[in-house]
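Colleague: I'd like to go over a predicted model; first the sequence, then the structure.
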Amino acid sequence: MLTLAFGLTALISHAPDLSALLAQPTFGGIFAVNLLVSGSLLLFVIENGWATLRIFLTVVLALAIGFVIMLLISKDPLNAYRALLTGPLTRVNRWGNWIEDALSLTFVGLAIAIVFRAGLFSLGAEGQIYLGALAAALIALNVHGLPVALMLPLSIAAACTVAFLWGLIPGALRAYLNANELVSTLMLNEVAVRIYSLILNAIKPPNAGFTETVIFAANAVFPRFITGTRLSTALGFGIAAVLITWLIVQRTPFGYTIRMIGANPNFARYGGINTRQTIMLTMAVSGIVAGLAGAYLALSVNQRLILGLSSGLAFEGIVVALLARNNILAVPAMALLYAYLRAGAQVMQLEANVSLEIVRVIQAILILLVTADAIVNFLQIRRKRSPDVSDAPTVTDGEQAPSVTL
């Protein structure tokens, strides 16, 4: 893990020798972040075991199919793929964009994974991101005089509270009215985005050239610690979010009810679990993590409110959760992988004049391969559970079938 972190740092810094690398003022910060990257990859391998090889081969196969498509549409496919696979590590700012995007996807992937573990399919994270960012921004713009140690927790608490309450709406509709959560969350997303746009237009400066607020005060944003990037101390909140989410899902009674409902809702109900309450709270708790994503975008990445805040980030989080197989501790590694493709796509577009849509194709292939793998596993498990008809005892003529006493 240390070797990988040091190698990534040396590759990004482009230092001619070891002494020059260690003398760079940004070495410590870059190395610390790369150490977290290496740790997340190691954790992914530990959590998945030999299944890591299968996931790795799935990604390689998707990239190979994408390369075949690249041969058909690009005049220089080798240069295009080189930019895609190495672009995020060629400059510090590109590397920073990769880590920044991965942290956003980690928050959203965690929110989606919680819902998936309960056997639900919610797309409400998009609206919760917008409302979480809006709540955090309103605190940052209207509360003055507090130190950073109080201001940031207050803003984050507001974001999480609003997103939690917003998540209760589709949760209650699903639990008590049996409304389809996919439809209700999609409709509520549009409502949330419109509320966000309405309030943003009301609070933006009257002479602003763009639809955005002023930059927040220094005590209301996460301090950045690596020059040339937008990486901030919000990384600590990302680590805490992963650990707390894992503890909730795997080590609490509430997490047990989530997993039981996801495995077999009828068994959970007959076992005495209040399925309605669990479904409603699952959607709401998922909103807390999505609200953290909104607060991160507002208080760390942009440090102000902008019109196109999320741009479909919640839908990208679904892919991250699928790649992680809803394993909470595997979400950061898959977020890093997916964000790497996104960052590489931007470099590829600049250097090789290839459209970003090729990465969309690779993403779609990844989803299809992961889904196909999940279907195969499901059929294998179902085949093992189903009784074999050929093993059943036969009754010949003149014999009486054995009686069963109930």
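Modeller: That came through, no problem. Numbering: from 1, shown residues only.

Colleague: So which helix or strand of the chain has the lowest pLDDT on average?
Modeller: When the helices and strands of the chain are scored by mean pLDDT, DSSP states H and E, helix 357-385 comes last with a mean of 69.

Colleague: so which strand or helix has the one residue sitting closest to the centre of the chain?
Modeller: Closest to where the C-alpha atoms of the chain average out (C-alpha atoms, centre = their mean) is residue 109, at 2.2 Å. Using DSSP states H and E, residue 109 falls within helix 92-117.

Colleague: Give me the distance between residue 130 and residue 52.
Modeller: Look at residue 130 and residue 52: by C-beta to C-beta, to the nearest Å, they are 35 Å apart. Where C-beta positions appear, they are placed from N, C-alpha and C, glycine not excepted.

Colleague: go on, residue 302?
Modeller: Here residue 302 is placed at a distance of 35 Å from residue 52 (C-beta to C-beta).

Colleague: Show me which of these two is the more surrounded one.
Modeller: residue 302 (19 against 16; other C-beta atoms under 10 Å).

Colleague: residue contacts, residue 341?
Modeller: Neighbour list for residue 341: 84, 359, 362, 363 [criterion: C-beta atoms under 8 Å, 6 or more residues apart in numbering].

Colleague: Out of those residues, which is nearest to residue 318?
Modeller: Proximity of these to residue 318 (C-beta to C-beta) peaks at residue 363, which lies at 10.7 Å.

Colleague: Please list all residues in contact with the residue nearest to the residue nearest to the centre of the chain when sequence neighbours are not counted.
Modeller: In this structure, residue 109 finds its nearest non-sequential neighbour in residue 320, 3.5 Å apart by C-beta to C-beta, 6 or more residues apart in numbering. The contact partners of residue 320, by C-beta under 8 Å, 6+ apart, come to 105, 106, 108, 109, 112, 331, 334, 335, 338.

Colleague: How many residues are close by the fifth one?
Modeller: Which is residue 112. Each residue near residue 112 was counted by other C-beta under 10 Å, and the total is 30.

Colleague: nearest residue to it other than its sequence neighbours?
Modeller: residue 321 (4.1 Å).

Colleague: wouldn't the one you found be in contact with residue 114 here?
Modeller: No. Counting by C-beta atoms under 8 Å, residue 321 stays clear of residue 114, with 9.0 Å between them.

Colleague: and of the contacts of residue 341, the nearest to residue 228?
Modeller: Nearest member of those to residue 228, counting by C-beta to C-beta, is residue 84, at 22.1 Å.

Colleague: Give me the distance from the helix or strand containing that closest one to the chain's centre.
Modeller: In this assignment (DSSP H and E), residue 84 forms part of helix 77-86. The chain centroid and the centroid of helix 77-86 are separated by 25 Å, computed with C-alpha atoms, centre = their mean, to the nearest Å.

Colleague: got it, and stretch 162-179?
Modeller: 21 Å.

Colleague: can you redo the contacts of residue 341 as TSV with distance to residue 62 and neighbour count?
Modeller: As requested, the contacts of residue 341 are exported to TSV (distance: C-beta to C-beta, whole Å; neighbours: other C-beta atoms under 10 Å):
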residue	distance to residue 62	neighbour count
84	12	28
359	11	20
362	5	22
363	8	18
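
Colleague: Let's have those in JSON lines, adding distance to residue 176.
Modeller: Below are the contacts of residue 341 laid out as JSON lines (distance: C-beta to C-beta, whole Å):
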{"residue": "84", "distance to residue 176": "47"}
{"residue": "359", "distance to residue 176": "41"}
{"residue": "362", "distance to residue 176": "41"}
{"residue": "363", "distance to residue 176": "36"}
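
Colleague: what's the closest of those residues to residue 196?
Modeller: Among these, residue 363 lies closest to residue 196 (C-beta to C-beta), at 26.1 Å.
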